[in-house]
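Engineer: Here is a sequence with its predicted model. Questions after.
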Amino acid sequence: MLSGLQNAFKAGDLRSKIIFTLLMFLVFRIGAHIPVPGVDPKIIADMISKGALLGFFDVISGGAFKNFSVFAMSIVPYINASIIMQLLTVVVPTLEKLSKEGEEGRKKMTQYIRYGTVVLGFIQALGLSFGVLGKSGAVVNPSFGTYLLIAITLTAGTAFLMWLGEQITEKGIGNGISLIIFAGIVSSIPGGIKAVYQYIATDPSYWWSAVLLVVIGLAVIVAVIAIQEGQRRIPVQYAKRVVGRKVYGGQSTHIPMKVNSAGVIPVIFASSLLMFPITIAQFFPGNPVADWVGNALQWGSFLNSVLFALLIIGFTYFYTSITFNPNDIADNMKKHGGFIPGLRPGRPTAEYLTKVMYRLNLSGAIFLAAIAVLPTLVLLVTKIPNIQFGGTSLLIVVGVALETMKQIESHLLMRHYQGFMK
């Protein structure tokens, strides 16, 4: 591990990418402590201590919501805009055609997501300003101008985070948006450890609860790594071709199909979508319907856990179906003279790949749902309050760390350096 880090800093361009990413993390953490004007953060912190939903939102934002800084909404509007764009890509033929136009189409789709992020961010910021802040009395001098200033500031913060993530992706290492969420969650770990320590200090008889949390956390990390690295290799054989005196082809290879090809994207999508109705319910305190939604879907409740698991399973299948096209793979194999032993090229190959993909997705989706829900149930059993760092956070942290480490590994292997994995 240490030799891998030394090798990473020996390569000049890779060292620059890592340093640039760390500097962007520093900018993110500085922005998480720049307060929005006209808001009393003490009232917001008190609200977070009473609500599990707001606490989870604060974990995702890296404490920016508790401070009610310019990054209080984090990158959630961007995630929601990406979900909407991917859904529209399936049902709108123009967007589907645009998504298949290569690099230019991808740039156009990214531009649409940016516009959607600003629109959704401004709507969410208005809801936070007039709903949560207005009802809680957190606004120092309530007026239309103050609420509008708060909304514009929050929207600008989200837009800046979106730009920051794109800069990390382009000039740094790893996926910038995922790394921003990763940095936010990791920055909340010391606060979670402090909260557990304070809880044990008040009641030492429950020290076993903290031990159980640590054991479950380590088990989740090991299980996530095993599933993320697990794959089924589909053997592929290429037929020999004789051109003149030369023989081409004839080699054997394989198609690596991962057990969890969607990564942590379904968890991020599901948590963002599930937070939407609960956030809307917060805007209408005292309303019977809003109160029922807020109580029934409260983070960690039975209904919330069930819906969370179902959404993760659904998004796993949905995201994999978009990123993995068995028909295209079967056509490419047929064009180059490749075939799966025992199967005819073309449609039978595509049907076989689809069947394998669905079976692997079922295993990966159930695992993701179980890991995301299990720590929440453990927290209910241990009765440790105000701890929002659970299975979802661990999934995101471990998944993003693995993907980033793989990118560093590929950079090192290109330069004949030994990487992290042996």
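Structural biologist: That came through, no problem. These figures come from a predicted structure and were not determined experimentally. Numbering: from 1, shown residues only.
Engineer: roughly how far apart are Lys406 and Glu170?
Structural biologist: In this view, Lys406 and Glu170 are 18 Å apart by C-beta to C-beta, to the nearest Å. C-beta: built from backbone N, CA, C; applies to glycine.
Engineer: which one is Lys97 nearest to, not counting chain neighbours?
Structural biologist: The spatially closest residue to Lys97, leaving aside those adjacent along the chain, is Gly105, at 8.0 Å (C-beta to C-beta, 6 or more residues apart in numbering).
Engineer: For that neighbour, what is the enclosing helix or strand?
Structural biologist: For Gly105, the element it lies in under DSSP states H and E is helix 102-127.
Engineer: Please identify the buried residues of that helix?
Structural biologist: 109, 113-114, 116-118, 120-122, 124-127 (16 or more other C-beta atoms under 10 Å).
Engineer: so can I have TSV of those showing distance to Gly145?
Structural biologist: As requested, the buried residues of helix 102-127 are exported to TSV (distance: C-beta to C-beta, whole Å):
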residue	distance to Gly145
Met109	36
Ile113	30
Arg114	27
Gly116	27
Thr117	25
Val118	21
Leu120	23
Gly121	20
Phe122	16
Gln124	20
Ala125	15
Leu126	13
Gly127	18
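Engineer: Break this protein into its domains for me.
Structural biologist: Domain assignment for the chain by automatic domain parsing gives 1-187, 204-389.
Engineer: returning to what we had before: who has more neighbours out of Lys406 and Glu170?
Structural biologist: Set Lys406 next to Glu170 and count neighbours by other C-beta atoms under 10 Å: Lys406 wins out with 16 against 9.
Engineer: Tell me who's in contact with that one.
Structural biologist: For Lys406, the contact set (C-beta atoms under 8 Å, 6 or more residues apart in numbering) is empty.
Engineer: my read is Ile43 is in a helix, agree?
Structural biologist: Yes: Ile43: assigned to a helix according to DSSP: H, G, I helix; E, B strand; the rest coil.
Engineer: Alpha carbons of the host helix or strand of Met275, as CSV, please.
Structural biologist: When elements are assigned from DSSP H and E, Met275 belongs to helix 265-282. Extracted in CSV, the C-alpha atoms of helix 265-282 (Å, rounded to 0.1, in the frame of the first residue of the first chain):
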residue,chain,number,x,y,z
ILE,A,265,-25.3,4.7,-8.4
PRO,A,266,-28.6,2.9,-7.5
VAL,A,267,-28.0,3.7,-3.8
ILE,A,268,-27.4,7.4,-4.5
PHE,A,269,-30.4,7.5,-6.9
ALA,A,270,-32.7,5.8,-4.4
SER,A,271,-31.7,7.9,-1.4
SER,A,272,-32.1,11.1,-3.4
LEU,A,273,-35.5,10.1,-4.7
LEU,A,274,-36.7,9.0,-1.3
MET,A,275,-35.7,12.2,0.3
PHE,A,276,-37.9,14.2,-2.1
PRO,A,277,-41.4,13.5,-0.6
ILE,A,278,-40.1,13.8,2.9
THR,A,279,-38.5,17.1,2.2
ILE,A,280,-41.7,18.4,0.6
ALA,A,281,-43.6,17.2,3.7
GLN,A,282,-41.3,19.4,5.9
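Engineer: Who are the packing partners of that helix?
Structural biologist: Other helices and strands packing on helix 265-282, by 3 or more C-beta pairs under 8 Å, 6 or more residues apart in numbering; DSSP states H and E, are helix 52-60, helix 76-91, helix 102-127, helix 288-296, helix 302-323, helix 347-382, helix 391-414.
Engineer: And the last one, what's buried?
Structural biologist: Burial within helix 391-414, assessed by neighbour count using 16+ other C-beta under 10 Å, is assigned to 391-401, 403-406, 408-409, 411-412.
Engineer: Off-centre distance for that helix?
Structural biologist: Between the centre of helix 391-414 and the centre of its chain there are 12 Å (C-alpha atoms, centre = their mean, to the nearest Å).
Engineer: Report the rounded mean pLDDT for it.
Structural biologist: Throughout helix 391-414, pLDDT has a mean value of 78.
Engineer: now it and helix 302-323, what's the angle there?
Structural biologist: Interaxial angle of helix 391-414 relative to helix 302-323 (axes from the mean of the first three to the mean of the last three C-alpha atoms, to 10 degrees): 30 degrees.
Engineer: got it, and the fourth one?
Structural biologist: Between the axes of helix 288-296 and helix 302-323, defined by the same axes, to 10 degrees, the angle is 80 degrees.
Engineer: Check which helices and strands helix 288-296 sits against.
Structural biologist: Packed against helix 288-296 by the contact rule (3+ C-beta pairs under 8 Å, 6+ apart) you find helix 265-282.
Engineer: The helix it packs on: how far from the chain's middle?
Structural biologist: Per C-alpha atoms, centre = their mean, the centroid offset for helix 265-282 relative to its chain is 12 Å.
Engineer: one step back: which of the helices and strands packed on helix 265-282 sits closest to Phe182?
Structural biologist: Closest to Phe182 of these, according to C-beta to C-beta: helix 391-414, at 4.2 Å.
Engineer: rewinding a little: make sure the residue nearest to Lys97 is actually in contact with Ser99.
Structural biologist: Yes: with contact defined as C-beta atoms under 8 Å, Gly105 reaches Ser99; the gap is 5.8 Å.
Engineer: hmm, back to that, min pLDDT across the buried residues of helix 102-127, which one?
Structural biologist: Scanning those for pLDDT, the smallest score is found at Gly127, 77.
Engineer: Okay, that residue and Pro77: tell me how far apart.
Structural biologist: Distance from Gly127 to Pro77, by C-beta to C-beta: 11 Å.
Engineer: and what of Asn260?
Structural biologist: Applying C-beta to C-beta to Asn260 and Pro77 gives a distance of 26 Å.
Engineer: can you check Trp292 too?
Structural biologist: For Trp292, the distance to Pro77 equals 26 Å [C-beta to C-beta].
Engineer: got it, and Gly105?
Structural biologist: Counting by C-beta to C-beta, the gap from Gly105 to Pro77 is 23 Å.
Engineer: Flag the shaky bits of the stretch 151-300 of the chain, pLDDT-wise.
Structural biologist: 205-206, 239-250, 279, 282-285, 299-300 (pLDDT under 70).
Engineer: now do 90
Structural biologist: 151, 166, 169-300 (pLDDT under 90).
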